[in-house]
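Colleague: Quick one, what's the 3D model for this:
(one chain, ligands or ions: 1)
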Amino acid sequence: MIEVEKTESKSEQYRILTKQVISMVEGESNALANMSNVCSLVHHSFGHHWTGFYLVEDDELVLGPFQGPPACTRIAKGKGVCGTAWSTGQTQIVANVHEFEGHIACSPESNSEIAVPLRKSNGDIWGVFDIDSTEFGFFDESDQSALESILAFLQ
Ligand code: SME
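Modeller: This next block holds a predicted model:
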């Protein structure tokens, strides 16, 4: 697998990442396998602190495939950054997690975060894709649009 040079621009990193994701998930129908590879590709392309999926199970999010240190297993709807992404249906970009009311601190090293809700074709949310960075303000709208496009390949 090609490791993306850290000197490349974010848009170039996402362009390469998108090609890698397409080549990995096309032709594979197993959701767990595809989530695992998408998670690994995103995580290692950017050297994030934590990258993973939370999956809707009844009225909670339950930890799914991830890369990085161990994380909290269950998150209630509306709680923390991930639970807010689920309850609002909107991607959450948090420049400083320490200022986010109700943030669930799974790791003291996490300083910024993005949480993207994942939708079925009927619009129902089936999970949340979450990334934590040690850098403050790492994520912006360019991450949101690139990640939303990449994650649509998981439908
Ligand atoms: N910080 C998240 C919890 C998940 S971890 O970051 C892996 C939140 O507030 O939802």
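Colleague: contacting residues for whichever residue of the chain sits closest to the ligand?
Modeller: Nearest to the ligand in the chain, going by Cβ to the nearest ligand atom, is Gly80, at a distance of 2.7 Å. All C-beta spots, glycine's among them, are computed from the backbone N, C-alpha and C. Contacts for Gly80 (Cβ atoms under 8 Å, 6 or more residues apart in numbering) come out as 102-104.
Colleague: For it, which non-adjacent residue is closest in space?
Modeller: What sits nearest to Gly80 in space, not counting adjacent residues and going by Cβ to Cβ, 6 or more residues apart in numbering, is Ile104, at 3.7 Å.
Colleague: so the one you found sits right up against Lys79, yeah?
Modeller: Yes - using Cβ atoms under 8 Å, Ile104 is in contact with Lys79, at 6.7 Å.
Colleague: Show me what from the chain comes close to the ligand.
Modeller: Along the chain, the residues adjacent to the ligand under the rule Cβ under 6 Å from any ligand atom are 50, 71-72, 75, 80-82, 103-104, 106, 110, 113, 130, 132.
Colleague: Compare these and tell me which is most surrounded.
Modeller: Taking other Cβ atoms under 10 Å to define a neighbour, the member of those with the most is Cys82, carrying 29 neighbours.
Colleague: Quick one: name whatever helix or strand follows the one helix or strand that one maps to.
Modeller: Secondary-structure element containing Cys82, defined by DSSP states H and E: helix 80-88. Going down the chain from helix 80-88, the next helix or strand is strand 92-94, by DSSP H and E.
Colleague: any chance you could map the strands in this protein?
Modeller: Counting by DSSP state E, one finds strands in the chain at the ranges 50-57, 60-67, 74-76, 92-94, 112-119, 125-133.
Colleague: of those strands, which approaches Gly27 most closely?
Modeller: In terms of Cβ to Cβ, the element of those nearest to Gly27 is strand 60-67, at 19.0 Å.
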